[in-house]
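> Kindly return the folded structure for what I paste below:
(chains A, B and C)
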Amino acid sequence: MTRGRRDDRLPRVRSGTPAPGGAAAPGAVGAPDAPSSPLDPAALRDALLDWFASNGRSLPGRDDRDPWHVLVVEVMSQQTQIDRSLAAAATFCAAFPTPSALAAASPGEVLRAWAGLGYNRRALALRAAARAMVERHGGRVPDDLASLLALPGVGPYTARAVAARAFGATVMPVDVNVRRVLGRVLDDPRPARVQALGDLLARSADGRPGAIADALMDLAAGTCRAREPACTACPLSAWCGWRASGAAVAGRAEQGSVPRGSALPGSGSRRPALRAPGSPVSGPAGALPFPRTRRWLRGQLLRELREAPPGAWSTVEGPRGTHDHAAVRETIATLAREGFVELDEVGRARLAED
DNA sequence: AATACGGGGTT
DNA sequence: AACCCAGTATT
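As a prediction, this is how the structure comes out:
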């Protein structure tokens, strides 16, 4: 791994944190450690939706509630910016308007439609999910969490996103944004806590849990940013335990109280690299330059095969960049094993046709 | 708990 | 050039 470094994990913080409902006494004037408002879900929801009405981003396609469209957007948006996902999903769904249409397509066709999005295994997983929906759900996107979770490529986030956005289920899709905002409100990033508050908000959402999710995500994108959050502009500041704790103002203060890698710290959370100044970027213990990684090679080979005429066999001979012939053949074999590629008798390759 | 998995956009 | 991104599956 050389590129995506530092997915911020959420190590346990301290053990004794207040429950959501009891975070603070109403109007706790003399308590600098407590939010100035108790954590009433309905009040928090109203603040969120009011803010969203005038400050939410306008993202074409976001309000589409069609289950298939929602599923495609959510799978694409895994580790991919939402505006790009929405645009790509529109094109993709024009080519594959239903789960059945995608289920009937070859891996190669799907991979070509996926071009530019990265994480290509998501494309194969989505196709596999489409096949499962044809097989088990009459060609429809299932509407319950358990069935959604059973689909390939659908995890805790995506399952809840589809359930909430397409079917109005009162569950919160917790992504990096929701985790940050609600983790700060609670001053506690533990996933179970964040999920519980999220679900509480979803249940108070009066049939539109997706709107709450959108509000939280837009808030995270522009105001409750990872670094230097604009707390003075935040509709939730009255409820925010993290801000009340002083961490937001103190910035890098209390480094010891904030877990390494936590998504919670705001300004001042940047840490200098451990690497000594002047030492090579890729020392013995350092990351490889990206073009030297297997990841890069996979991307190159997949791009070559995607750009070849559909159905045509390609002779794939090394080297590619710093990767020798053996590495190239090994990677092609891996891609074949994983279902991206098929090989003929003489070792030529093409994107899989079935 | 760690690691693999992409590619494009932003700063 | 580093950092970020509506995560998931596998080890």
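> CA atoms for contacts and neighbours, from now on please.
OK.
> For chain A, what lies in contact range of DNA strand B?
Within chain A, the residues that sit near DNA strand B (C-alpha under 7 Å from any atom of the strand) are A:1, A:3-4, A:11, A:79-81, A:115-121, A:294-296, A:298-300, A:302-303.
> Test my guess that A:Pro38 contacts A:Cys240.
No. If you go by C-alpha atoms under 8 Å, A:Pro38 and A:Cys240 don't touch, sitting 9.7 Å apart.
> Pick out whichever of these two has more residues nearby.
A:Cys240 (26 against 21; other C-alpha atoms under 10 Å).
> So, low pLDDT: which residues of chain A?
A:1-33, A:249-286 (pLDDT under 70).
> and with 50 instead?
Applying pLDDT under 50 to chain A picks out residues A:1-31, A:251-284.
> how does it divide up, domain by domain?
A:36-57+A:170-262, A:66-169, A:290-351 (automatic domain parsing).
> Off-centre distance for the second one?
Its chain's C-alpha centre and that of domain A:66-169 lie 14 Å apart, by C-alpha atoms, centre = their mean, to the nearest Å.
> Start and end of that domain, how far apart?
Length of domain A:66-169, first residue to last, C-alpha to C-alpha, to the nearest Å: 14 Å.
> Mind listing what's buried along stretch A:335-342?
A:Leu335, A:Ala336, A:Gly339, A:Phe340, A:Val341, A:Glu342 (16 or more other C-alpha atoms under 10 Å).
> check contacts around the second one.
Read that as A:Ala336. Applying C-alpha atoms under 8 Å, 6 or more residues apart in numbering, one finds that A:Ala336 lies in contact with A:Glu342, A:Leu343.
> Quick check: phi and psi on it?
phi -70, psi -40 (degrees, to the nearest 10).
> Against A:Gly139, how distant is it?
For A:Ala336, the distance to A:Gly139 - C-alpha to C-alpha - is 28 Å.
> Next: the fifth one.
Note on A:Val341: its distance to A:Gly139, by C-alpha to C-alpha, is 26 Å.
> Could you report the neighbour count for the residue nearest to A:Arg112 when sequence neighbours are not counted?
Nearest residue to A:Arg112, sequence neighbours excluded (C-alpha to C-alpha, 6 or more residues apart in numbering): A:Arg306, at 5.8 Å. By other C-alpha under 10 Å, 19 other residues sit near A:Arg306.
> okay if I get the domains of chain A as CSV plus distance to DNA strand C?
Supplementary listing: the domains of chain A in CSV, determined by distance: least, C-alpha to the nearest atom of the strand, whole Å:
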stretch, distance to DNA strand C
domain A:36-57+A:170-262, 4
domain A:66-169, 3
domain A:290-351, 9
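> I'd assumed A:Trp114 was in contact with the residue nearest to A:Arg112.
No. In this structure, A:Arg306 is not within contact of A:Trp114 by C-alpha under 8 Å, at 9.8 Å.
> Could you tell me the phi and psi values at the residue of the stretch 251-354 of chain A found nearest DNA strand B?
Minimum separation of the stretch 251-354 of chain A from DNA strand B (C-alpha to the nearest atom of the strand) falls at A:Gly299, amounting to 3.5 Å. Main-chain torsions, A:Gly299, degrees, to the nearest 10: phi -60, psi -40.
> Quick check: longest helix in chain A by residues?
When chain A is parsed with DSSP state H, its longest helix is helix A:121-137.
> can you dump the C-alpha coordinates of that helix into CSV?
The C-alpha coordinates for helix A:121-137 follow below in CSV (Å, rounded to 0.1, in the frame of the first residue of the first chain):
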residue,chain,number,x,y,z
ARG,A,121,-13.8,-5.1,-8.1
ARG,A,122,-16.8,-3.0,-7.1
ALA,A,123,-18.0,-3.4,-10.6
LEU,A,124,-17.8,-7.2,-10.5
ALA,A,125,-19.4,-7.2,-7.1
LEU,A,126,-22.3,-5.1,-8.3
ARG,A,127,-22.8,-7.5,-11.2
ALA,A,128,-22.8,-10.4,-8.8
ALA,A,129,-25.3,-8.5,-6.6
ALA,A,130,-27.5,-8.0,-9.7
ARG,A,131,-27.3,-11.7,-10.4
ALA,A,132,-28.2,-12.5,-6.8
MET,A,133,-31.2,-10.1,-7.0
VAL,A,134,-32.4,-11.9,-10.1
GLU,A,135,-31.9,-15.2,-8.4
ARG,A,136,-33.3,-14.5,-5.0
HIS,A,137,-35.4,-11.3,-5.2
